[in-house]
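Chemist: what follows is a predicted protein model with its sequence.
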Amino acid sequence: MQTLSNVVAALREDDYSFRARGGRRNDALGDLALEINALAAMLQSQRASSLEAMALVERVMSSMQSPMLAFDPEGRLKLLNTAGERAFGLSVSTALNRSAEVLKLTHLLKASDDDLLSLDGAQPTARWVVKRSSFRLRGVPHTLLVLSDVSAALHEEERTAWKRLIRVLGHEINNSLTPIKSIAGSLRGRFTSLQTSNIDRSDFASGLEVIENRAESLNRFLQAYRQLMGLPAPKLAPVSVTMMVECVARLETRINVAVMSVSDVELKVDADQIQQALINLTRNAVEAALSVDGMADEEPRVEIAWENSESEIVISVLDNGAGLMNAENLFVPFYTTKPCGTGIGLVLAQQIAQAHKGTVHLANRNDGQSGCRAELRLPHRS
């Protein structure tokens with residue numbers, strides 16, 4: 001009886017290694033000893049299976065690309081996988097058992113199933129679809145949230161929609177522009193031979209000039225838009241960031257673009273495309289700085305610098321202009337606030353960045369200076 005008592009006490013303490021010896025059938029205590037031994041073996045097997053299943057779950061969670069978080073009824077974080085750490089800049093060692101309010105995840109915890117969110121603390125421009133479910137842990141209900149990054153899919157859908165629109169517009173506009181331009185040019189060439197005295201030649205010439213100029217202007221406008229859809233796949237090759245940035249700075253002649261001296265970095269990118277993106281960002285910065293020239297006490301200034309981390313390089317273009325007024329429409333094709341702008345500069349830069357698995361991000365400066373900070377973020381490639 002003492003032996004059996006010791007085995008049962010060990011089972012109660014989750015120690016399944018004890019067994020009762022000498023048990024045999026057709027004996028009351030022997031039958032009990034054999035049954036307790038069988039119970040201990042079954043519990044030991046179940047615990048081993050449970051530990052293996054838990055190890056598998058942890059392995060799957062750590063390898064998932066989607067952030068996964070779980071909160072208890074009081075809103076305390078109880079589970080966080082590796083993708084969640086990266087997405088929200090958290091660490092399991094310090095974030096677990098802290099409230100969603102402290103971790104600035106209140107909006108996430110309040111999100112409904114299938115909500116589309118842009119979250120502070122996550123990657124810039126990232127869009128997430130929230131999948132919400134519940135489970136019980138030790139009898140206590142918990143909320144499980146799984147996030148899926150749909151930024152790339154949304155960008156691709158947007159790109160496809162604009163591509164279809166431009167294809168239709170291009171077809172219709174070309175059908176009109178080609179004969180207009182041709183006829184206007186022919187009439188202007190024959191104008192000098194007109195001898196009819198009752199024709200107002202000045203009005204006739206002026207009208208033809210307007211038609212021809214507008215047709216040519218619309219044609220240039222259309223060709224600029226076609227650049228958005230004609231971007232080829234990047235041809236990757238190692239290139240020096242210093243070389244690219246200095247080349248872009250030399251191309252700008254309106255003001256002196258300062259290149260902040262930092263250690264050189266080699267990237268595997270399409271140099272022509274990245275330089276074009278930097279040219280567009282630098283041109284915008286210069287125009288922003290010049291737009292307030294004479295209205296501010298300091299001279300127009302544009303600087304280019306870069307920072308290198310383990311995962312990416314961030315090339316920043318800073319100006320001392322008036323800053324952003326309407327950030328929501330920055331990457332909308334055709335939208336521009338400039339009298340002679342085409343509205344494709346930032347869109348083209350963003351598409352080049354996305355083709356390199358990177359992003360373009362613009363925001364007003366937060367270093368005490370007026371103006372805007374444009375960032376071209378490019379991941380390191382092996």
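Modeler: Yep, that arrived.

Chemist: and the strands in the protein?
Modeler: Taking DSSP state E as the criterion, the chain contains strands spanning 68-71, 77-80, 116-117, 128-137, 140-149, 237-240, 257-259, 266-269, 302-308, 312-319, 359-364, 372-379.

Chemist: could these be laid out in a markdown table, adding mean neighbour count, distance to D14 and mean pLDDT?
Modeler: For the C-beta atoms, the positions are set from N, CA and C on the backbone; glycine is no exception. Output for those, formatted as a markdown table (neighbours: other C-beta atoms under 10 Å; distance: least, C-beta to C-beta, whole Å; pLDDT from 0 to 100):
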| stretch | mean neighbour count | distance to D14 | mean pLDDT |
| --- | --- | --- | --- |
| strand 68-71 | 21 | 24 | 88 |
| strand 77-80 | 20 | 22 | 87 |
| strand 116-117 | 12 | 42 | 76 |
| strand 128-137 | 14 | 18 | 84 |
| strand 140-149 | 16 | 20 | 86 |
| strand 237-240 | 13 | 57 | 91 |
| strand 257-259 | 17 | 65 | 89 |
| strand 266-269 | 19 | 53 | 89 |
| strand 302-308 | 19 | 50 | 91 |
| strand 312-319 | 21 | 47 | 91 |
| strand 359-364 | 19 | 50 | 88 |
| strand 372-379 | 22 | 46 | 90 |
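
Chemist: for R159, find the nearest of those.
Modeler: Closest approach to R159 among the strands of the chain (C-beta to C-beta): strand 359-364, 14.4 Å.

Chemist: tell me which strands and helices that closest one is in contact with?
Modeler: Applying 3 or more C-beta pairs under 8 Å, 6 or more residues apart in numbering; DSSP states H and E, one finds that strand 359-364 contacts helix 345-355, strand 372-379.

Chemist: stretch 102-118: end-to-end distance?
Modeler: Start-to-end span of stretch 102-118 (C-alpha to C-alpha, to the nearest Å) is 19 Å.

Chemist: so how far is that stretch off the chain centroid?
Modeler: Relative to the centre of its chain, stretch 102-118 is centred 18 Å away, using C-alpha atoms, centre = their mean, to the nearest Å.

Chemist: by mean pLDDT, which helix or strand of this protein comes out lowest?
Modeler: helix 201-229 (a mean of 66; mean pLDDT, DSSP states H and E).

Chemist: so what's C372 up against?
Modeler: A285, A288, L318, D319, G321, G323, L324, L362, A363, N364, R365 (C-beta atoms under 8 Å, 6 or more residues apart in numbering).
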